[in-house]
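Colleague: Compute the structure for the input listed below.
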Amino acid sequence: MTTTVIQLITGAIGSVAFGLLFHMKTKYLSLAAAGGFFSWLVFLFGKGLWGNVFLPALLAGFIVDVYAEILARVCKETSTSFFVTSVIPLIPGSTLYYCMSSIVEGNTIQALEYGRDTFLFAFGIAAGMSIAWAICYFLRSVKGR
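Modeller: Below is the predicted model of the structure:
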């Protein structure tokens, strides 16, 4: 339980840090923190349900993109700034690092496992974001008629 709380808090802090790095308006940094917290919470929930990385990453990518689209309409800003800062905790940096480390060590089987997980994680985020984006685009085009 303590590990989960620490992960959620550091996800929020990491999102704020990237918000600062990308010169996000100060009044939106709390929304970036909430997005990072929420994205990792959804991922952990999905991981508890399904156990692998693809479906939880897909669910988290979908939810984060919907969150970013809603905030973009409410705040009258672009959804990209909200999405990028909120998705930061989901980026598969550790699996990519361990994949490269295994390659350098000559452990190809372990490298393939980490590489597969990295790909599935990144593909899940991209697929979830794409599905949410397509639905939002469709709804905007229907509303505009």
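Colleague: give me the element the residue most central in space within the chain is part of.
Modeller: The C-alpha lying nearest the average C-alpha coordinate of the chain belongs to residue 87 (CA atoms, centre = their mean; 2.8 Å). Residue 87 is located in helix 79-87, with elements delineated by DSSP states H and E.
Colleague: Please tell me how far the residue nearest to the centre of the chain sits from residue 70.
Modeller: Shown here: residue 87 relative to residue 70, a distance of 15 Å by CB to CB, to the nearest Å. (Each C-beta comes from the backbone N, C-alpha and C, glycine too.)
Colleague: contacting residues for residue 45?
Modeller: Contact criterion CB atoms under 8 Å, 6 or more residues apart in numbering gives 56, 59 as the residues in contact with residue 45.
Colleague: Would you tell me what helix or strand it is located in?
Modeller: Here residue 45 is covered by helix 29-50, with elements defined by DSSP H and E.
Colleague: Past that helix, which element shows up next along the chain?
Modeller: Towards the C-terminus, the helix or strand next in line after helix 29-50, according to DSSP H and E, is helix 54-75.
Colleague: Could you pull up the mean pLDDT of that next one?
Modeller: Taken as a whole, helix 54-75 carries a mean pLDDT of 94.
Colleague: helices or strands next to that helix in the packing?
Modeller: Other elements packing on helix 54-75 under the criterion 3 or more CB pairs under 8 Å, 6 or more residues apart in numbering; DSSP states H and E are helix 29-50, helix 79-87, helix 108-143.
Colleague: pLDDT below threshold where in the chain?
Modeller: Along the chain, the model assigns pLDDT under 70 to residues 144-145.
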